[in-house]
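Engineer: Take a look and give me a structure for this.
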Amino acid sequence: GALRGSGDDDEDGPPVTGHKNNLGVFNGVFVPCLLNILGVILFLRIGWGVSHAGWLGVVLMFVVGETLALLTVFSMAAIVSNGNMRGGGSYYLISRSLGAEFGGSVGLLFYSAYAVGTSFYVVGFASEIIDAFFANEDLSEDRRKMYNVIIASIALAFVMLISYLGAGFFTKINGIVFAIQFGSII
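Structural biologist: Prediction:
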């Protein structure tokens, strides 16, 4: 049947059909956020950042980033308090609260951020695989770049397969990746 929000008098949109999201706070919020925060950028590029900007510069970057994140969270909390979430998630909520123009532009920014983030992750993964498994080989720069492209392309194909298999499979894989990543920190 159709899912309707309780107390929502906004009948502009069509009824949303489907099933209820059962991810919960841990699998739906905590795990994805920690995987993004503790990802390849923090693990592999923090030394590079310190070498170029110094430790004070990196701390300043973290302060600016945290400030932007808090402003985003506070803004989203204000938008969410104006109505109730229906089928389209944050895109639907933003387009209904601020207009279709803002919803579309935020959607475009989300898409761009995920595309750039995915490229960072697969290239970082490929670089670490090369450093770990081909450390004893004397690789030329061209051969290293070729290995990097091949490994990153295989990783990207694996990511595409996970996306194709759906959100339920993605959640299971996210839990496994989270356990591995958390174990590497400990």
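Engineer: Let me know the next secondary structure element after the lengthiest helix in the chain.
Structural biologist: Counting residues, the longest helix found in the chain (DSSP state H) is helix 40-80. Note on helix 40-80: by DSSP states H and E, the next helix or strand toward the C-terminus is helix 89-98.
Engineer: can you pull the contacts of the residue lying closest to T171 once chain neighbours are set aside?
Structural biologist: Nearest non-adjacent residue to T171, counting by CB to CB, 6 or more residues apart in numbering: N27, 5.5 Å away. Backbone N, C-alpha and C define where each C-beta goes, glycine included. Contact analysis of N27 by CB atoms under 8 Å, 6 or more residues apart in numbering lists 171, 174-175.
Engineer: quick one on the thing from earlier: report all helices and strands that the longest helix of the chain contacts.
Structural biologist: Packing contacts for helix 40-80, counted by 3 or more CB pairs under 8 Å, 6 or more residues apart in numbering; DSSP states H and E, involve helix 89-98, helix 100-133.
Engineer: by how many degrees do the shortest one and helix 100-133 diverge?
Structural biologist: Taking axes from the mean of the first three to the mean of the last three CA atoms, to 10 degrees, one finds helix 89-98 and helix 100-133 inclined to each other by 150 degrees.
Engineer: thinking again about what came up before, least confident of the helices and strands packed on helix 40-80, on average?
Structural biologist: The weakest mean pLDDT among those belongs to helix 89-98, with a mean of 73.
Engineer: right, and V58 touches G49 too?
Structural biologist: Yes: contact criterion CB atoms under 8 Å: V58 and G49 qualify, at 4.8 Å.
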